[in-house]
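K.L.:
using only what follows, build the 3D model:
(chains A and B)
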There are 2 protein chains.
Amino acid sequence: MKPLSPTDQLFLWLEKRQQPMHVGGLQIFSFPEDAPDDYVARLAEQLRKDTEVTAPFNLRLDSRLAQPVWVHDEHLDLEHHFRFEALPTPGRIRELLAFVSAEHSHLMDRERPLWEFHLIEGLGDRQFAVYVKVHHSLVDGISAMRMTQKMLSTDPSKRNMPPVWDMSVRQGRGGDRSSPSLWQSISHLLGESGKQLGTVPTVARELLRSVNQARKDPVYNSMFHAPRSILNRKITGSRRFAAQSYCLKRIKAVCHANDATVNDVVTAMCASALRTYLMNLDALPEKPLIAMVPVSLRKYQKPGEDQAEGNQVGVILANLHTDEHHAGERLKKIHQGMQEAKDRYAHMSPEEILNYTALTLAPAGFHLLTGMAPKWQTFNVVISNVPGPKETSYWNGAKLEGMYPVSIAMDRLALNMTVTSYNDQVEFGLVGCRRTLPSLQRMLDYLEDGLVELEQDMAS
Amino acid sequence: MKPLSPTDQLFLWLEKRQQPMHVGGLQIFSFPEDAPDDYVARLAEQLRKDTEVTAPFNLRLDSRLAQPVWVHDEHLDLEHHFRFEALPTPGRIRELLAFVSAEHSHLMDRERPLWEFHLIEGLGDRQFAVYVKVHHSLVDGISAMRMTQKMLSTDPSKRNMPPVWDMSVRQGRGGDRSSPSLWQSISHLLGESGKQLGTVPTVARELLRSVNQARKDPVYNSMFHAPRSILNRKITGSRRFAAQSYCLKRIKAVCHANDATVNDVVTAMCASALRTYLMNLDALPEKPLIAMVPVSLRKYQKPGEDQAEGNQVGVILANLHTDEHHAGERLKKIHQGMQEAKDRYAHMSPEEILNYTALTLAPAGFHLLTGMAPKWQTFNVVISNVPGPKETSYWNGAKLEGMYPVSIAMDRLALNMTVTSYNDQVEFGLVGCRRTLPSLQRMLDYLEDGLVELEQDMAS
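P.N.:
Residues are numbered from 1 along each chain as shown, chains lettered A, B, ... in the order given. Just a heads-up that it's a prediction; the model follows:
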């Protein structure tokens, strides 16, 4: 029996019929060279026998004295969690994305350990896919990525590698975090009160008071300037997932020519895609969109300084300059803004950073806690970057071709753009509400267009 | 805009995360003789183009003055409702049932019309399947069956037949009903108060009072004798669906030898399967299980009598005699009990029938309305029989090989056994809570064993 942390409780508490709070990961593998045509079916047979389920995958929710706790599931039914499935003809990436979109929309059964592992056959070119879905209360995005990496090896000849549910995960939530999440930040924001979610109205009132005070302060005043947009409407329960890999070399060439970072160029690609997407819907706000970009603050700490967990979390409010029509100019401005934000952090004390982060997230937090939309909006979209494996990886000889994060869409934050890196690729995973954001998959083309524009600008 | 009837509201109101209130139907078709190997993919292509969506499939929920209403969905997204999917290798019935089990466990998105049409390829022997899922508030089981039949034709050469979502359904809920449902009965039970579900505590209190009075009455006293069993526990959110066809000729031979009806033999098969299943789990109650069997009361009315809707609904509490180890004896006793119940109805006035039905359902209704389990249980399981097409049917030249109802499991009614008829087959569809009732699929073998036992008894 293990009580849930306040952050973990938050995910259960925020979950609604139309707002599931699980995260996912999609991986595409190639068959090993010598594999038979029915390789995936054989793999499924083998995985089905792997009934050794280790923590946290053997834990289910229960309650003790009205507090949620994790308990060992005595009746674990692997068939419920491990699912062997297939794509319909013609088995393209399009069918895979439709499959993940539908699965990612479904709530999980709270009576059981909150995870599912989908092994997917029927993809062309001797490839198969794995889609893993884990409730955010059980594991966060970073830990999930780490678990996946633990499942993999750089050795293509290695066999008898267990699936993700059958390995002891030594690094829990308290472990090293190279990238913070929105959730840790919200948890900090709630502070001590957040430890008892029963006091939510009080927390929300305090939040509202401090935000209103801060808005009078010219230092923070600039933060409340995100425009209204369709990205910030209430969502429905069905999701669209779109994912694609982009060549890291191409992105690095643009970085080099513009003296920008990979993150700057990725952010500029997102800005360009959002601009085109909203323009086509005749819904681009006049004022530029603002993205919330979680960043690690480790590097801004002086040596010897206290490394309390709070110090590791920060967010940058990145102005996406979607009002600027010239792609090269847009990148320059984005780079400049990101740089200024980083410089600002470098000169802030840990307490100032915490205050700043809390206030950035306040409107979203206030809305999440109360269901009421505040009059101010600090950001329109979340763009987050999670580091992935740097070398070509294998699972039982099957080469990992691509891995894509599948994150969470929420009321008033209908789109999540999560980016990860793998080998020589930058992998985008977009999750959105299917009704609020129609034809979200077009954004993949617009991301490519955004990169092409920057390449053309570089050449000219 | 069309307000929801009280019964329809009931389904929305009863729906919980672990208790979805949709019904389904699974159909298995053979390819037309001249069909190419990629027949199902071509069919999917064709269906995708059929964007003409007729009522009730174009209606979504909304609310007006705090009352739920159906409104026309202006943004209907066919891709959300029509899904082309595939079974994993080896594509047996087992994989199909696992697929339907998982899909039937998922809640539907209330922001959209509450239906899904799954076209499923990858079944062996040049077959494919269709699984249709409709919320019970939009359509009841009988209407669903009728819609399906409307989609079909007895003419194998007929083509250009539209899918179920593209046809005007003239018969709504008020139409002719050849078989009543549990729901109509519960709706009657709620009576006038049921028309405003806001008064639920009052209804529950009234219910409790009249039941307690009735229990003192020797006439009704016999009704409260169902034993406790694992079938009557709280359920979780995941379902197991099991389905199989049994030869009508074999069943009719048993009928003939025992002077029993098809329904008697079907009930005896269920009794036998339940007995074996519970014995193997060491959970067979000493006292016999009681099944609630909805019946049409039309035939018990005298000519010229008022045909108010209430008169059409009745339930038989069938003693399944699961304490009797001899199969032939069990069938005799079941037949006798069913006959007595029918005779009793024949001598009852419409008011008496309504009272009797209401009291039969009272404990289930009380539990559904209050979430509290009453001390008394009138039945353990629902066994319902829905008439299906009598002739071989086709859809665009594809022969219908089998059709299986997929009904609803509920708290304290963890198993639903619905039977339908098609051509020369009797089709069983079992839906149960996956955790409360482990390895439910074994019940299919036990049904067959039950039939074999009766055949052997007949031969001896």
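
K.L.:
tell me what the host helix or strand of A:Leu61 is packed against?
P.N.:
Per DSSP states H and E, A:Leu61 falls inside strand A:59-64. Other helices and strands packing on strand A:59-64, by 3 or more Cβ pairs under 8 Å, 6 or more residues apart in numbering or on different chains; DSSP states H and E, are strand A:67-72. For every residue, glycine as well, the C-beta is placed using N, CA and C.

K.L.:
ok, back up a step: now the strand holding A:Leu61: buried residues?
P.N.:
A:Leu59, A:Arg60, A:Leu61 (16 or more other Cβ atoms under 10 Å in any protein chain shown).

K.L.:
can you give me the helices in chain A?
P.N.:
Ranges of helices in chain A, per DSSP state H, are A:6-14, A:39-48, A:78-81, A:93-105, A:141-151, A:182-190, A:200-216, A:218-221, A:248-258, A:262-280, A:327-346, A:350-370, A:442-459.

K.L.:
quick revisit: the strand holding A:Leu61 - what's its average pLDDT?
P.N.:
Strand A:59-64 carries an average pLDDT of 90.

K.L.:
quick one on the thing from earlier: quick one: closest of the helices of chain A to chain B.
P.N.:
helix A:39-48 (3.8 Å; Cβ to the nearest Cβ).

K.L.:
how about the closest one, does it reach chain B?
P.N.:
Yes. Judged by Cβ under 8 Å from any Cβ of the partner chain, helix A:39-48 comes into contact with chain B at A:Val40, A:Ala41, A:Ala44.

K.L.:
repeat for stretch A:403-412
P.N.:
No. Contact of stretch A:403-412 with chain B (Cβ under 8 Å from any Cβ) is absent, the minimum separation being 12.3 Å.

K.L.:
distance between the ends of that stretch?
P.N.:
27 Å (Cα to Cα, to the nearest Å).

K.L.:
on that earlier part again, using CSV, list the CA coordinates for the strand holding A:Leu61.
P.N.:
The C-alpha coordinates for strand A:59-64 follow below in CSV (Å, rounded to 0.1, in the frame of the first residue of the first chain):
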residue,chain,number,x,y,z
LEU,A,59,-0.7,-1.5,-8.8
ARG,A,60,-4.3,-0.6,-8.8
LEU,A,61,-6.2,2.2,-7.1
ASP,A,62,-7.9,1.7,-3.9
SER,A,63,-8.9,4.0,-1.0
ARG,A,64,-8.0,4.0,2.6
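
K.L.:
parallel or antiparallel, which strands does that strand pair with?
P.N.:
strand A:67-72 (antiparallel) (DSSP bridges).

K.L.:
run through who's touching the partner strand.
P.N.:
A:1-4, A:9, A:12, A:56, A:58-63, A:138 (Cβ atoms under 8 Å, 6 or more residues apart in numbering or on different chains).

K.L.:
and these as JSON lines, adding distance to A:Cys270?
P.N.:
Output for the contacts of strand A:67-72, formatted as JSON lines (distance: Cβ to Cβ, whole Å):
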{"residue": "A:Met1", "distance to A:Cys270": "43"}
{"residue": "A:Lys2", "distance to A:Cys270": "38"}
{"residue": "A:Pro3", "distance to A:Cys270": "38"}
{"residue": "A:Leu4", "distance to A:Cys270": "33"}
{"residue": "A:Gln9", "distance to A:Cys270": "31"}
{"residue": "A:Leu12", "distance to A:Cys270": "30"}
{"residue": "A:Pro56", "distance to A:Cys270": "32"}
{"residue": "A:Asn58", "distance to A:Cys270": "38"}
{"residue": "A:Leu59", "distance to A:Cys270": "35"}
{"residue": "A:Arg60", "distance to A:Cys270": "37"}
{"residue": "A:Leu61", "distance to A:Cys270": "35"}
{"residue": "A:Asp62", "distance to A:Cys270": "41"}
{"residue": "A:Ser63", "distance to A:Cys270": "40"}
{"residue": "A:Leu138", "distance to A:Cys270": "29"}
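
K.L.:
nearest to B:Asp264 among the residues you listed?
P.N.:
A:Arg60 (42.8 Å; Cβ to Cβ).

K.L.:
returning to what we had before: least confident of the helices of chain A, on average?
P.N.:
helix A:182-190 (a mean of 58).

K.L.:
of the residues of helix A:39-48 next to chain B - the most surrounded one?
P.N.:
Within those, neighbour counts (other Cβ atoms under 10 Å in any protein chain shown) peak at A:Val40, which reaches 25 neighbours.

K.L.:
quick check, central residue of chain A?
P.N.:
A:Ser407 (4.2 Å; Cα atoms, centre = their mean).
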